[in-house]
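Colleague: got a predicted structure plus its sequence, pasted below:
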Amino acid sequence: MCINIVIADELKLVRKGVVSLINNMHYGEQLSSDPTDGYNIIADTSTPNELVNILASNNIDLLILGYSLSTKENTNPISSLDGYALIKWLTKKYPNLKIIVISPYKHPSLMRTILEMGATGYISMDICEKTLERVIISVLNNEVYIEKGMMKSLFQGKDSSGREVSLKEMEVLRLLCKGLNLTSIANRMNLSIKTVSAHKLRAMSKLEVNSDCQLYCLLTETRQFNVSF
């Protein structure tokens, strides 16, 4: 059986890198001994709208999905989705689709949420070809795969001081770094502007910054999110 794959990420370099790694892989004796079988990359894309169109018009077995995509506001609802909102939508719309999430974030609540939604793989952007092949084979064999380096983060307890940035606070910061204002973030997350503002202020308090300038400088220095303005 040929495995049809789609790769989605906002960065072209990441997409093409994953394509190259997969094209250099052997199919894997764990899946089939038929020499005519293999991995077939149907497409790679940077936007949720293109991704949904590809999934609607092709029989896709595996989606390798970057946590952040190139989104657009004030168009159709799908075009503005990425992050866990898109993963939630995809797992409901395509329950049989295998999804491997590529993410730089080791936030334990985020990883647990994504796996509970139905994604079956969670890996970082700093993986080698062997690790990528291992996760693909595991997921296609109906196993859940979490990159070894992320396992500790997944099972660690919450900070007893309560200073850990929450999942929603992290999402607000991520969307701010994408250039969205509080109104757009509120619409995206189905929250009030007041609630979004409260999430932002709590995150700033936990990160011990007192201004937007300090916040963006900190996030840029730590490279926790891609800041795009």
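Modeller: On my side now, so go ahead.

Colleague: where in the protein is pLDDT low?
Modeller: Applying pLDDT under 70 to the chain flags residues 27-37, 74-75, 152-163, 221-229.

Colleague: okay, which residue is most central for this structure?
Modeller: Nearest to the mean C-alpha position of the chain, counting by C-alpha atoms, centre = their mean, stands Y67 at 2.0 Å.

Colleague: contacting residues around that residue?
Modeller: Taking C-beta atoms under 8 Å, 6 or more residues apart in numbering, we find Y67 in contact with 82-83, 101-105. In short, each C-beta sits where N, CA and C put it, glycine included.

Colleague: gap between it and I123?
Modeller: 11 Å (C-beta to C-beta, to the nearest Å).

Colleague: shared neighbours, these two?
Modeller: 101-103.

Colleague: which helix of this protein spans the most residues?
Modeller: As assigned by DSSP state H, the longest helix anywhere in the chain is helix 193-207.

Colleague: how about it: buried residues?
Modeller: 195-196, 199-200, 203-204, 206-207 (16 or more other C-beta atoms under 10 Å).

Colleague: now stretch 145-153
Modeller: Those would be 145-147, 150, for stretch 145-153 by 16+ other C-beta under 10 Å.

Colleague: so S70 belongs to a strand, correct?
Modeller: No: counting by DSSP: H, G, I helix; E, B strand; the rest coil, S70 is located in no strand; its state is coil.

Colleague: got the phi/psi numbers for N24?
Modeller: phi -90, psi 0 (degrees, to the nearest 10).

Colleague: how near is it to T91?
Modeller: With C-beta to C-beta as the criterion, N24 and T91 are 29 Å apart.

Colleague: and V18, what helix or strand is that in?
Modeller: V18 belongs to helix 12-23 when assigned by DSSP states H and E.

Colleague: what does that helix rub up against?
Modeller: Taking C-beta under 8 Å, 6+ apart as the rule, helix 12-23 contacts 5, 7-9, 39, 41, 44-46, 64, 66, 102, 125, 129, 132-133, 136.

Colleague: quick revisit: now, the buried residues of stretch 145-153 that are in helices?
Modeller: Going by DSSP H, the helices hold M150 from the buried residues of stretch 145-153.

Colleague: ok so, going back, which strands and helices sit next to the following helix or strand past the longest helix of the chain?
Modeller: Downstream of helix 193-207, the next assigned helix or strand under DSSP H and E is helix 212-222. Judged by 3 or more C-beta pairs under 8 Å, 6 or more residues apart in numbering; DSSP states H and E, the packing partners of helix 212-222 are helix 167-177, helix 193-207.

Colleague: so what touches the first one?
Modeller: Just to be clear, that refers to helix 167-177. By C-beta under 8 Å, 6+ apart, helix 167-177 touches 68, 83-84, 105, 107, 109-110, 113, 165, 184-185, 188-189, 191, 196, 199-200, 202-203, 206, 215-216, 219, 224-228.
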